[in-house]
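Asks: below are the sequence and a predicted model; questions follow.
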Amino acid sequence: MISNTLGIGIQGIQEGMAGMENAARKIARGGADGPQGTAEGAGSLVEPIVELNLYERSVEASAQVVKTADETLGTLLDIMA
C-alpha cells in the first residue's frame, strides 16, 4: 500500500512539473496568442501565470505525499527491526 502511495505521489510530481513547463512556455512566449501591445495580448498572460501557480501547489502537495509515505515506511521498518 505504501509503494502505491509513493507511486501516486511521484506521478503527481511528474504531472505537475509537466504542467509547470507548459505554463512557463506560454509565459515565455509573452502572450503571443493575442495581439501584442493590446489588452487582449496582456490578458493572455494571466491564465498561464495562474496555471503555473496551481501546478506549483500540486507539486508541493505531491511531494508532501511522498515525504509522508517515506516517513511511514521508515517508522514501520524501525518497529519491525
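Replies: Okay, I see it.
Asks: quick check: Asn22 vs Glu47, distance?
Replies: Distance from Asn22 to Glu47, counting by CB to CB, to the nearest Å: 12 Å. Backbone N, C-alpha and C define where each C-beta goes, glycine included.
Asks: nope, Gln64 is what I meant
Replies: The spacing between Gln64 and Glu47, counted by CB to CB, is 26 Å.
Asks: cool, and Arg29?
Replies: On the measure of CB to CB, Arg29 and Glu47 end up 12 Å apart.
Asks: ditto for Ala69
Replies: Relative to Glu47, and taking CB to CB, Ala69 is found at 33 Å.
Asks: which one's more surrounded, the two?
Replies: Ala69 (20 against 14; other CB atoms under 10 Å).
Asks: with adjacent residues omitted, what lies nearest to the more buried one?
Replies: Using CB to CB, 6 or more residues apart in numbering and skipping the chain neighbours, the partner closest in space to Ala69 is Thr5 (4.4 Å).
Asks: quick one: mean pLDDT over the strand or helix carrying the one you found.
Replies: Using DSSP states H and E, Thr5 sits in helix 2-28. Here helix 2-28 scores 95 as its mean pLDDT.
Asks: tell me what that helix is packed against?
Replies: helix 46-80 (3 or more CB pairs under 8 Å, 6 or more residues apart in numbering; DSSP states H and E).
Asks: which secondary structure elements does the helix it packs on contact?
Replies: Against helix 46-80 (3+ CB pairs under 8 Å, 6+ apart) you get helix 2-28.
Asks: report the central residue of the protein.
Replies: Gly16 (2.7 Å; CA atoms, centre = their mean).
Asks: surely it and Leu52 touch.
Replies: No - using CB atoms under 8 Å, Gly16 is not in contact with Leu52, being 10.4 Å away.
Asks: show me the contacts for Glu71.
Replies: Residues in contact with Glu71 (CB atoms under 8 Å, 6 or more residues apart in numbering): none are found.
Asks: check contacts around Leu52.
Replies: Leu52 sits in contact with Met20, Ala23, Ala24, Ile27, where contact means CB under 8 Å, 6+ apart.
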